[in-house]
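Trainee: just coords:
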């Protein structure tokens, strides 16, 4: 084969190209200060991914109408979504909904936490499940603030949970009894919490049928909980795993300057 070395160089160059991560936040949604702090959370994810080999980060404040959204989604390899009622948000604009569907079909990575996985209307639950594999949706959705919550690692060998140990949270609001796909394959509970006498799955990982990966975690209602190293490691490693990048066996180093944790 002539010029085989050019083909090899092209393959190596493509493999070396950084994965483009798009982090979506929004302005406050009316919750009390210190909760649902979307843009501060987005900046924290960006700080966690700063200088990670193989990742190029962009943050977008995705308040409606967000006309540039479909074009940004089309350029991304991974998306982190922390915003107001994500199930509705995706369906608000047909072009946006199509952009997310196309993104998933080409194997894009998806990470969502807290109200980003929300969908008040039943009709928004199904499309969201196809993308993320879990949804806090419908009129029967459940949530509660748990004090002295036992954060339990359900899949210690999963790459997203590398270096993460079970621990006690002083408080957190969790969504639970989440909607999930029927009989999903390659769907793994990652985090479980005892709530009202039952052990509830509040975090999961899913290797989707389209070849992409999705991770969700229903906590992070309170901004202050970003102080927990376990939380930061969970989110950062979820990003890497969904981008199909390697995670160290002992977990990522996720120390941040305390000033980064402050609300802005």
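Mentor: All right, it came through fine. None of these values were measured; they are calculated from a predicted model. Residues are numbered from 1 along each chain as shown.
Trainee: For residue 230, identify the helix or strand it belongs to.
Mentor: When elements are assigned from DSSP states H and E, residue 230 belongs to helix 229-242.
Trainee: typo on my end, it should be residue 143
Mentor: Of the helices and strands defined by DSSP H and E, residue 143 is found in strand 142-153.
Trainee: Please name the strands paired to that strand in the sheet, noting orientation.
Mentor: Strand 142-153 has its sheet partners listed here by DSSP bridges as strand 167-176 (antiparallel), strand 187-195 (antiparallel).
Trainee: Tell me which other helices or strands the helix holding residue 230 touches.
Mentor: Packing contacts for helix 229-242, counted by 3 or more C-beta pairs under 8 Å, 6 or more residues apart in numbering; DSSP states H and E, involve helix 38-49, strand 78-81, strand 109-113, strand 198-207, strand 213-217. Just so you know, the C-beta spots here come from the backbone N, C-alpha and C atoms, and that holds for glycine as well.
Trainee: any residues touching the strand holding residue 143, and which ones?
Mentor: Taking contacts as C-beta atoms under 8 Å, 6 or more residues apart in numbering, the residues outside strand 142-153 that touch it are 136, 161, 164-177, 190-196, 199, 221, 230.
Trainee: same deal with stretch 42-50?
Mentor: With C-beta under 8 Å, 6+ apart, stretch 42-50 has contacts from 21, 23-25, 55, 57, 59, 80, 82, 226, 232, 235-236, 239, 254, 256, 260-261, 264.
Trainee: any idea how far residue 195 lies from residue 37?
Mentor: In this structure, residue 195 and residue 37 are separated by 23 Å, where distance is defined by C-beta to C-beta, to the nearest Å.
Trainee: Neighbour count: these two, which is higher?
Mentor: Under the criterion of other C-beta atoms under 10 Å, the comparison of residue 195 against residue 37 puts residue 37 first, with 23 against 18.
Trainee: what's near enough to touch residue 99?
Mentor: By C-beta under 8 Å, 6+ apart, the residues touching residue 99 are 69-70, 73-74.
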